[in-house]
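Undergrad: everything below, folded, please.
(one chain, ligands or ions: 1)
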Amino acid sequence: MATFTYERRVYLGDTDGAGVVYFNQFLQMCHEAYESWLMAENLPLQKVISAGDLAMPLVHATIDFFSPAYCGDRLVVTLTVTLASPHRFCCDYQISQAESLQLVARAQTHHVCIALPARKKAPLPPSWQRTIGDLDHH
Ligand SMILES: CC(C)(COP(=O)(O)OP(=O)(O)OC[C@H]1O[C@@H](n2cnc3c(N)ncnc32)[C@H](O)[C@@H]1OP(=O)(O)O)[C@@H](O)C(=O)NCCC(=O)NCCSC(=O)c1ccc(O)cc1
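TA: So this is what the prediction gives:
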């Protein structure tokens with residue numbers, strides 16, 4: 001299991017006509033947290049993309065919304081990554097207000113490592129497996 005914290009201001013472009021963060025922007029922020037974690041671990045997605053032999057597509061995404069967020073809010077995305085099998089991992093995200101700690105949203109994405117161009121599941125690279133940590137056998 002690996003954990004990472006990502007802070008993110010809400011900008012005007014994140015909000016909709018009702019003045020609150022538009023729903024898909026929360027998933028965008030989650031993915032920013034995921035990319036930031038990979039960069040912090042020296043495993044930037046661009047490395048995988050330019051190598052061209054593997055991809056880690058999403059096979060599942062869910063999100064629940066608990067309270068609205070507004071332009072200027074400071075949010076914290078807490079990411080927990082768990083290895084589910086040698087070729088699959090799950091990202092759990094909690095988005096909270098940085099100051100009040102009020103819970104804003106919770107999301108989950110599941111990713112499968114596939115070999116290209118066949119698009120068949122393949123073991124995650126050893127560097128990814130090491131960074132995520134041991135398989136959870138519970
Ligand atoms: C990934 C696949 C090739 C895998 O297919 P198959 O080779 O037939 O494998 P399986 O059906 O056995 O599934 C593989 C594993 O995924 C699991 N799986 C498959 N579907 C699901 C869903 N819906 N939920 C949870 N788990 C799933 C499944 O249980 C298997 O797990 P194991 O038991 O550990 O093996 C195929 O499911 C696929 O092509 N799906 C579409 C993927 C896609 O197009 N996603 C959206 C676009 S990618 C994207 O938006 C993106 C955003 C951000 C990124 O960082 C990366 C990509």
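Undergrad: list the contacts of the longest helix seen in the chain.
TA: If each helix of the chain is counted by residues according to DSSP state H, the longest one is helix 23-40. Applying C-beta atoms under 8 Å, 6 or more residues apart in numbering, the external contacts of helix 23-40 come out as 2, 4, 6, 8, 14-15, 44-45, 61, 63, 65, 75, 77, 79, 81, 91, 93, 95, 104-105, 107, 109. C-betas here are computed from N, CA, C, even on glycine.
Undergrad: at 6 Å instead, please
TA: Helix 23-40 is touched from outside by Phe4, Tyr6, Arg8, Asp14, Pro44, Leu45, Val77, Leu79, Cys91, Tyr93, Ala105, Ala107, with contacts defined as C-beta atoms under 6 Å, 6 or more residues apart in numbering.
Undergrad: with adjacent residues omitted, what lies nearest to the second one?
TA: Leaving out its chain neighbours, the residue that sits closest to Tyr6 by C-beta to C-beta, 6 or more residues apart in numbering is Ala33, at 3.7 Å.
Undergrad: confidence score at that neighbour?
TA: For Ala33, the pLDDT comes out at 98.
Undergrad: try Gly133
TA: 89.
Undergrad: next one: Val76
TA: 98.
Undergrad: cool, and Ala69?
TA: pLDDT for Ala69: 98.
Undergrad: nearest spatial neighbour of it, skipping sequence neighbours?
TA: Val21 (4.3 Å).
Undergrad: what's the burial count for Cys103?
TA: Just to correct that, residue 103 is Leu rather than Cys. When neighbours are counted by other C-beta atoms under 10 Å, Leu103 registers 14.
Undergrad: OK, contacts around it?
TA: By C-beta under 6 Å, 6+ apart, Leu103 lies in contact with Phe66, Ser96.
Undergrad: ok, 7 Å please
TA: Residues near Leu103 by C-beta atoms under 7 Å, 6 or more residues apart in numbering: Phe66, Ser67, Gln94, Ser96.
Undergrad: what about the strands in this protein?
TA: Per DSSP state E, the chain carries strands over the ranges 2-9, 54-55, 58-65, 74-85, 88-97, 103-112, 114-115, 120-121.
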